[in-house]
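Visitor: Structure of the sequence below:
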Amino acid sequence: MSPLHCEITPSQGRAILDTFTLRCTGAEYQDNEDNKAIDYTVTLDSSGGPVVIPNWRAPTDTIRLPVGNPVDDYTVRLKVEASFLSFPSLYDYVVVKVRYQVVDVFHSF
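Guide: Next comes the predicted model:
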């Protein structure tokens, strides 16, 4: 079995404005093409409970994220699950720092 390994770039950015790329590799049993993951689910761990990020089904895709928790230095934790037809799911976690951007309304005109 090859473990699921995911990474996100950039490692920090601005909420809603910046696009993050989440890439996952591995997620296959016995190095057999027929035993690769058939589906991916990304869940955002938030203080209100887990939130599934819609429309995520591939091992590499882009995503926009909400502001992280200021108590945790604006970190956002994502849980990635790779699902298989005949095998148990594999999981990995990634952490990214997502801040908000302050807009100066008085000087933007």
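
Visitor: The residue nearest the centre of the chain is in what secondary structure piece?
Guide: Centre of the chain computed as the mean C-alpha position; nearest residue by C-alpha atoms, centre = their mean is Leu78, 4.6 Å away. Assigned by DSSP states H and E, Leu78 falls within strand 75-83.

Visitor: Asp73 contacts Val98, doesn't it?
Guide: No - counting by C-beta atoms under 8 Å, Asp73 does not reach Val98; the two are 10.5 Å apart. Any C-beta I mention is one placed from the backbone N, CA and C, and that applies to glycine too.

Visitor: Compare neighbour counts for the two and give me the winner.
Guide: Neighbour count, other C-beta atoms under 10 Å: between Asp73 and Val98, Val98 has more, with 21 against 10.

Visitor: Determine the angle, from 0 to 180 degrees, between the lowest-mean-pLDDT helix or strand in the chain and strand 75-83.
Guide: Ranking every helix and strand in the chain by mean pLDDT, DSSP states H and E puts strand 49-53 at the bottom, with a mean of 79. If you take axes from the mean of the first three to the mean of the last three C-alpha atoms, to 10 degrees, strand 49-53 sits at 60 degrees to strand 75-83.

Visitor: neighbouring contacts of strand 49-53?
Guide: Thr41, Val42, Thr43, Leu44, Ile63, Leu78, Lys79 (C-beta atoms under 8 Å, 6 or more residues apart in numbering).

Visitor: Can you list which of the residues you listed are found in strands?
Guide: Judged by DSSP state E, strands contain the following of the contacts of strand 49-53: Thr41, Val42, Thr43, Leu44, Ile63, Leu78, Lys79.

Visitor: Neighbours of Asp18, how many?
Guide: The criterion is other C-beta under 10 Å. On that basis, Asp18 has 16 neighbouring residues.

Visitor: who touches it in this structure?
Guide: Pro10, Arg64, Val98.

Visitor: name the helices or strands packed onto whatever helix or strand Cys24 lives in?
Guide: For Cys24, the enclosing helix or strand under DSSP H and E is strand 20-28. Applying 3 or more C-beta pairs under 8 Å, 6 or more residues apart in numbering; DSSP states H and E, one finds that strand 20-28 contacts strand 2-9, strand 60-63, strand 75-83, strand 90-99.
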